[in-house]
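1. give me a model of this one.
(2 chains)
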There are 2 protein chains.
Amino acid sequence: MSLYTKHKDIIENAVKAMHERVFWAQFPENPSPKIYGETADEEGRKKFEASLNKNFQELRQAEADAWLGVEESPYTQQGLNIKYPAFSVEKLIDRGTHGFNQWRKVNYKERAGLLVETLERMKNRFFEIAYATMHTTGQGYMMAFQASGPHAADRALEAIAAGFEELGRFPEKTVWDKPMGKFNITLNKQWRAIPKGINLVVGCSTFPTWNTVPGVYAALITGNSVIVKPHPGAVLPIAIVVAEIQKVLSENGFDPNICQLAVDSFDKMITKDLAEHPSVKLIDYTGNSEFGTYLENIKGKVVFTEKTGVNSVILDSVENLDEAINNLGFSLNLYSGQMCTAPQNFYIPADGIQTPEGKISFDAFAEKFAASVSSLVDNPKAGPFVLGAIQNKNTCTRVEKAVSLGKLVLASKALENPMFPGARTASPIVLAVDSSQKEVFSKELFGPIALLIKTKNTDESIALAKEMAMEHGAISCAAYTTNEEVKEKIMDEMGQAATPVSFNLGNGIYVNQNAAFSDFHVTGGNPAGNASFTNADFVNKRFTWVGFREPVKA
Amino acid sequence: MSLYTKHKDIIENAVKAMHERVFWAQFPENPSPKIYGETADEEGRKKFEASLNKNFQELRQAEADAWLGVEESPYTQQGLNIKYPAFSVEKLIDRGTHGFNQWRKVNYKERAGLLVETLERMKNRFFEIAYATMHTTGQGYMMAFQASGPHAADRALEAIAAGFEELGRFPEKTVWDKPMGKFNITLNKQWRAIPKGINLVVGCSTFPTWNTVPGVYAALITGNSVIVKPHPGAVLPIAIVVAEIQKVLSENGFDPNICQLAVDSFDKMITKDLAEHPSVKLIDYTGNSEFGTYLENIKGKVVFTEKTGVNSVILDSVENLDEAINNLGFSLNLYSGQMCTAPQNFYIPADGIQTPEGKISFDAFAEKFAASVSSLVDNPKAGPFVLGAIQNKNTCTRVEKAVSLGKLVLASKALENPMFPGARTASPIVLAVDSSQKEVFSKELFGPIALLIKTKNTDESIALAKEMAMEHGAISCAAYTTNEEVKEKIMDEMGQAATPVSFNLGNGIYVNQNAAFSDFHVTGGNPAGNASFTNADFVNKRFTWVGFREPVKA
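-> Here you go, the predicted structure:
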């Protein structure tokens, strides 16, 4: 049985889900022993531990020029001491070109079957990937499991499904028969979806698989070869995924260099050399705006980016104040504000927020919000696991410096982590500013930093949220309103700023969360980027339709 | 009955045709009295004549700042003396923004119905448009009718159909219901396709409707407003189309400024001011590479271009030499080589082309080809109508200067046109060069100029055709080979250069021709442009998907 036949149902279900956009997941997000087996967690942890202080030997990439690795756990602030094979840019490009010339000729159905198989293999390593993610990104266990495991695999499957559908949208062959009156002109026609070449995928330090696999699988399903350039600080989670892809490629007679890992170190980054190489035609990138904009401006490349954004919360009126406040407090605490979807700017009218019990003033809201944030931070059974650790020291510095930005509502502090006494932590700092202080809130303040912004009224709140999104990008927006007209206005205005809006979230679902097969992520239209997980553009731009025709012989 | 209901079948048939890619046309290409009525041609000619020496009053664009018009007929070399209302850039942008804010909120089905209605109105004016096209572009009557009338309308319908399908690919609303074990999280979700803003469409002088309407209709179906900036030398054909669009908009209660005409003159072009305006988010352009590349590099715009290309003919082996030669001779003569799909570089192996009668040498082929070109040029009943007139004086100069480029095989000459003694004409010049003279053939030589290039062998022919396409762009390629391996190699290599290939064309169908709903036109992937008539990209890039979600109330 071919891998396509084996996985046909999964692919077809994924295509269907993508169109229906109801809840659907191929990979269960619950790390329950009932689903993944009694020993899965323990085995994953042991495998992760066994990989420390060693060379990573799983890749099918021979003849390394060096062995590199500088990862450090935010939970222990110690190096992982794992070394990965490193290669010259020329070697990576030569091998990627070789892989491309094999892979581009493979039928897309065969590609799809093989790629789904790699996700099934990845599934067997979700727990190991979870520990690898914790100890490179600082995510809590649950997020590390879900985001780097099942959610990433579902986003990858979504990219496969999108590519599968697009590549099958036009017939491979047809007979074109045009009546000309006394005779017909009859042509055999065929069309090929021609992939572009090598696709560079540049990873980030906070979501090393979730933000990387959509580009990898979108590139592969459309017949391009891939070079994955992970962030030097978060290699292991994606190295495991690449190793599994390479194994499946090899087992099926393909060149494993169709998907390569390209590790570098902070003192000698190779991203620019790769990106500027003429054989690299496609680039996926997650990270800061400056480098993203540099990549977008290299001539002759198709570039997909997820850059920084200034995410807004518009507070107009609420049905249940405590639910709203607790929801927002959790959203801010979650992974210490290090998600691209985390809220930063909270717009509150000067005359307060309407509630069923009357208006709550700006100051009273600020106080209750601070209390909600603190209650989770100070809960030893929940706080350390929700907040996790801080990936990058610079984020801690940013939080420290933020104290001068406005009136302090809640100070940041270090959290005790019962399992990891050496963890690098910082709880959210909350500041109050006025809407006139635009220079303060007109940029992304990455990390656990929240600004409560006093506006003239909801109209100004909406205008500022829209302006921030259009000028500086935005990936999410939360809004609370019980007024249908205000809701429509928010949809209309934030829609024009290409920013999805979550209204009136209460218990159990947060603005940060983003479901595969249903929520579009970064669809373009504002400066936050265009790495649209997943609409047609995300795969269509990776190949070109070319037609061939010839008269049918009489 | 709504216009959508009225035209639903047409839209659905168009979507179906786009996917099947068999022959299909909504608008008959034959200007036969049986189809269009006994008096249609005569009436069209009279209407055209009646529009000369007047102000063009049909547009619903009041308060002109000036009346401008500099068109000149290539058939008479006299000015048409038609003046069109002209407006300041600010007025165009203000009105376009007003139109946008109305149009963007209209349901796409309603838009589709209304837009198909405009094509039905355009159909009533095909003959008038044909004469307007002849006397601005120099096209022969048959091409002017077909290209500017039914073929353009079919390409417009194709854009409507593509947009219609993309806008309907995701549900407007759904309920997302996620089982969480003990409870479900249930969200109402909705998605909106948010248009980008004002779409500038910049026309060219040779195909003033065919190259303009796809962008216009792609923009309008996706909810953007349009400013059509025609080439100052070819305004009337598209002015008639815009007038019909405006009438249908007005009749249905919409702002006619949803689609505006922006006329300028050679001495004061407004294209750059429009293109650089921040409210202009989308640009469609047909014309020279230099200006196209300038447009592509303006920050923050989505740009669709059809620029210059170096089209190749690869001659390896033929089954019927005379048919091949006559086909290529006709292709070169057709509209005097002024089509973007016209062949320019003919690659012929030094040791000749294989035929059933043995090899024909380079020189013998050159001689027969010249004879074939001449026989049509010198046929008074066919030549003047196939070759038409030369749109731009510079093309004549280019042909004169071309004589120094290589060994003269056939000289260009003026043709007598029995109907228009003052016509500006030039028959093809054919030159022989060696493949080593790359500087000669590495650029577009727009107009009736053919280079017969002596190559080492077919492998070199393919390599050069591919290189020209990848470095300088290509829109078409013709190839003659009876060898299946060579054919596959040509498909593989030219495919990588994103160039469609027509193999072994004989009687009745030419490499220049390009059928709506079947042949993709300029799909991107080489420097000739990316104005892909019509794949999903051509419409998808004109809007952004944005999602909204809210918990379902218990």
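2. now A:Phe385: closest residue in space that isn't a chain neighbour?
-> Counting by C-beta to C-beta, 6 or more residues apart in numbering or on different chains, A:Gly140 is the residue found nearest to A:Phe385 once chain neighbours are left out, at 4.5 Å. Where C-beta positions appear, they are placed from N, C-alpha and C, glycine not excepted.
3. again, but for A:Pro380
-> A:Pro418 (6.6 Å).
4. repeat that for A:Phe145.
-> A:Ala130 (3.9 Å).
5. just checking, next helix/strand downstream of the host helix or strand of the one you found?
-> Following DSSP states H and E, one finds A:Ala130 within helix A:126-137. For helix A:126-137, the following helix or strand on the C-terminal side (DSSP H and E) is helix A:141-146.
6. got the angle between the next helix or strand along the chain from that next one and helix A:126-137?
-> Counting by DSSP H and E, the next helix or strand C-terminal to helix A:141-146 is helix A:152-167. Angle, helix A:152-167 to helix A:126-137, by axes from the mean of the first three to the mean of the last three C-alpha atoms, to 10 degrees: 100 degrees.
7. in helix A:152-167, what counts as buried?
-> Across helix A:152-167, burial judged by 16 or more other C-beta atoms under 10 Å in any protein chain shown covers A:152-167.
8. likewise stretch A:243-263?
-> A:243-249, A:254-263.
9. now do stretch A:106-119
-> A:108-109, A:111-119.
10. center of chain A, which residue is that?
-> A:Asn211 (3.1 Å; C-alpha atoms, centre = their mean).
11. what's opposite A:Ile198 in the beta bridge?
-> A:Ser225, A:Val280 (DSSP bridges).
12. residues in contact with it?
-> A:93, A:96-97, A:100, A:224-227, A:277, A:279-282 (C-beta atoms under 8 Å, 6 or more residues apart in numbering or on different chains).
13. I'd like the distance between it and A:Glu63.
-> 19 Å (C-beta to C-beta, to the nearest Å).
14. same question for A:Arg549.
-> 45 Å.
15. these two: who's more crowded?
-> A:Arg549 (22 against 8; other C-beta atoms under 10 Å in any protein chain shown).
16. surely the more buried one is in a strand?
-> Yes - when DSSP: H, G, I helix; E, B strand; the rest coil is applied, A:Arg549 is found to be in a strand.
17. and it, what is it in contact with?
-> Counted by C-beta under 8 Å, 6+ apart, A:Arg549 has contacts A:176, A:187-190, B:500-503, B:519.
18. let's see if you can find the most crowded of those.
-> B:Ser502 (29 neighbours).
19. contacts only, for the spatially closest residue to that one that is not a sequence neighbour.
-> Counting by C-beta to C-beta, 6+ apart, B:Ser502 lies nearest to B:Val511, which is 4.6 Å off, once chain neighbours are set aside. With contact set as C-beta under 8 Å, 6+ apart, B:Val511 has these partners: B:311, B:313, B:331, B:341, B:343, B:476-478, B:502, B:505.
20. closest to chain A among those residues?
-> B:Ser502 (5.4 Å; C-beta to the nearest C-beta).
21. tell me which strands and helices the helix or strand in which that closest one is found is in contact with?
-> Assigned by DSSP H and E, B:Ser502 belongs to strand B:501-503. Applying 3 or more C-beta pairs under 8 Å, 6 or more residues apart in numbering or on different chains; DSSP states H and E, one finds that strand B:501-503 contacts strand A:543-551, strand B:477-480, helix B:484-496.
22. any idea of the mean pLDDT for the second one?
-> Per-region confidence: strand B:477-480 scores 98 on mean pLDDT.
23. let me see the residues that make contact with that strand.
-> Under the criterion C-beta under 8 Å, 6+ apart, residues B:311-318, B:324, B:328, B:331, B:343, B:353, B:465, B:469, B:487, B:490, B:494, B:499-505, B:511 lie in contact with strand B:477-480.
24. wait, A:Glu172 sits on A:Lys189?
-> No - with contact defined as C-beta atoms under 8 Å, A:Glu172 does not reach A:Lys189; the gap is 9.8 Å.
25. spell out which parts of the stretch 451-554 of chain A neighbour chain B.
-> Residues of the stretch 451-554 of chain A found near chain B (C-beta under 8 Å from any C-beta of the partner chain) are A:491, A:494-496, A:498-506, A:508-509, A:515, A:518-520, A:523-525, A:532, A:535-537, A:540-541, A:544-551.
26. can you tell me which of these are buried?
-> Here, 16+ other C-beta under 10 Å leaves A:491, A:494-496, A:498-506, A:509, A:515, A:518-520, A:523-525, A:532, A:535-537, A:540-541, A:544-551 buried among those.
27. can you list the domains in chain A?
-> According to automatic domain parsing, chain A comprises the domains A:3-266+A:535-549, A:312-503.
28. redo those as TSV? Include distance to A:Lys299.
-> Shown next, in TSV, are the domains of chain A (distance: least, C-beta to C-beta, whole Å):
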stretch	distance to A:Lys299
domain A:3-266+A:535-549	14
domain A:312-503	23
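29. so which of those domains gets nearest A:Ile298?
-> Using C-beta to C-beta as the measure, domain A:3-266+A:535-549 is the one of the domains of chain A that comes nearest A:Ile298, at 10.6 Å.
30. how far is that closest one from where the chain is centred?
-> 13 Å (C-alpha atoms, centre = their mean, to the nearest Å).
31. excluding its backbone neighbours, what's nearest A:Phe291?
-> A:Tyr285 (7.3 Å).
32. now do A:Lys489
-> The nearest residue in space to A:Lys489 (C-beta to C-beta, 6+ apart) is A:Ile462, at 6.3 Å.
33. what's the host helix or strand of the one you found packed up against?
-> Using DSSP H and E, A:Ile462 sits within helix A:458-472. Under the contact definition 3+ C-beta pairs under 8 Å, 6+ apart, helix A:458-472 sits against strand A:312-315, strand A:345-349, strand A:449-455, helix A:484-496.
34. mind listing what's buried in it?
-> A:458, A:460-470, A:472.
35. distance of A:Thr137 from chain B?
-> Separation of A:Thr137 from chain B (C-beta to the nearest C-beta, to the nearest Å): 25 Å.
36. I'd assumed A:Gly203 was in contact with that residue.
-> No - A:Thr137 is beyond contact range of A:Gly203, at 10.9 Å (criterion: C-beta under 8 Å).
37. quick one on the thing from earlier: in JSON lines: the helices and strands packed on helix A:458-472, plus mean pLDDT.
-> Formatted as JSON lines, those follow (pLDDT from 0 to 100):
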{"stretch": "strand A:312-315", "mean pLDDT": "98"}
{"stretch": "strand A:345-349", "mean pLDDT": "98"}
{"stretch": "strand A:449-455", "mean pLDDT": "98"}
{"stretch": "helix A:484-496", "mean pLDDT": "98"}
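38. highest mean neighbour count out of the ones you listed?
-> Neighbour counts (mean count of other C-beta atoms under 10 Å in any protein chain shown) averaged over each of the helices and strands packed on helix A:458-472 peak at strand A:312-315, with a mean of 28.
39. packing partners of that one?
-> Against strand A:312-315 (3+ C-beta pairs under 8 Å, 6+ apart) you get strand A:345-349, helix A:458-472, strand A:477-480.
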